[in-house]
Structure formats: C-alpha cells, structure tokens
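Undergrad: need a structure here:
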Amino acid sequence: MELRYKGQFNRDINIDNSNVLAAVKAAIINVKKAQHISAINNLKKLKKYTAHYRIKIADNYRIGIIIRRNIVWFVRFGNRSNFYKYFP
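TA: The predicted model follows:
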C-alpha cells in the first residue's frame with residue numbers, strides 16, 4: 001500500500017513516550033507491508049463513514065487513517081479521550 005501523511009499527523013506524533021512511538025512505528029510498518037485492508041492489525045472501520053478507519057495503539061492511543069483504493073492517508077494520532085473529537 002502507498003502511504004501518505006497529513007501535516008497534522010506529523011505534529012500529533014511529537015510525544016515523549018518512547019513506548020508509544022515504537023508502537024506507532026510498528027503500526028506504520030504493518031500498514032506498509034499489508035496487501036489488503038484485512039491484513040492490518042487492530043483496524044476498525046468507523047461507523048457512518050466509507051473510508052475512515054482507526055488503528056488501536058497501546059491501550060489509550062489511536063491512529064486515524066483514510067483508505068481509498070491503494071492509498072492510505074495517516075490523518076490524526078492521539079489519546080482516546082481526545083481522538084474522536086478531532087477525527088474524522
């Protein structure tokens with residue numbers, strides 16, 4: 001799959017927790033290696049949206065992505081308590 005990153009995603013991942021950053025990096029590698037949507041770990045489609053998904057990271061973090069055809073846009077990253085306010 002082809003990966004693209006929105007500017008806000010790059011700003012969101014500026015956190016100090018190295019364990020969470022390692023989990024984000026592992027999730028990005030998993031998405032890049034995936035041949036199909038079903039091969040992505042911890043992926044869940046958001047209700048009422050056709051192309052919006054979230055990836056669960058660690059216990060309380062989420063990555064918001066948009067998948068259209070073979071392109072994956074990484075849009076947002078954040079704590080679960082704030083994440084759904086900003087994505088989608």
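Undergrad: Show me where this protein has its strands.
TA: Along the chain, the segments classed as strands by DSSP state E run 2-5, 43-45, 52-57, 61-68, 71-79.
Undergrad: and the shortest one, how far out from the chain's middle?
TA: So the one you mean is strand 43-45. In terms of C-alpha atoms, centre = their mean, to the nearest Å, the gap separating the centre of strand 43-45 from the centre of its chain is 10 Å.
Undergrad: Quick one: list the elements packing against that strand.
TA: On a contact count with 3 or more C-beta pairs under 8 Å, 6 or more residues apart in numbering; DSSP states H and E, strand 43-45 meets strand 52-57. No exception for glycine: its C-beta is placed from N, CA and C like everyone else's.
Undergrad: Just put the strands of the chain in JSON lines and tack on mean pLDDT and mean neighbour count.
TA: Output for the strands of the chain, formatted as JSON lines (pLDDT from 0 to 100; neighbours: other C-beta atoms under 10 Å):
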{"stretch": "strand 2-5", "mean pLDDT": "93", "mean neighbour count": "12"}
{"stretch": "strand 43-45", "mean pLDDT": "95", "mean neighbour count": "14"}
{"stretch": "strand 52-57", "mean pLDDT": "95", "mean neighbour count": "19"}
{"stretch": "strand 61-68", "mean pLDDT": "95", "mean neighbour count": "20"}
{"stretch": "strand 71-79", "mean pLDDT": "94", "mean neighbour count": "20"}
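Undergrad: contacting residues for residue 27?
TA: Residues in contact with residue 27 (C-beta atoms under 8 Å, 6 or more residues apart in numbering) are 41-42, 55, 57, 63.
Undergrad: can you list the strands of the chain in TSV and add distance to residue 22?
TA: Formatted as TSV, the strands of the chain follow (distance: least, C-beta to C-beta, whole Å):
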stretch	distance to residue 22
strand 2-5	18
strand 43-45	19
strand 52-57	10
strand 61-68	12
strand 71-79	14
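Undergrad: Compare the ones you listed and report which one is nearest to residue 88.
TA: Shortest separation from residue 88 across the strands of the chain is recorded for strand 52-57, at 4.7 Å, computed as C-beta to C-beta.
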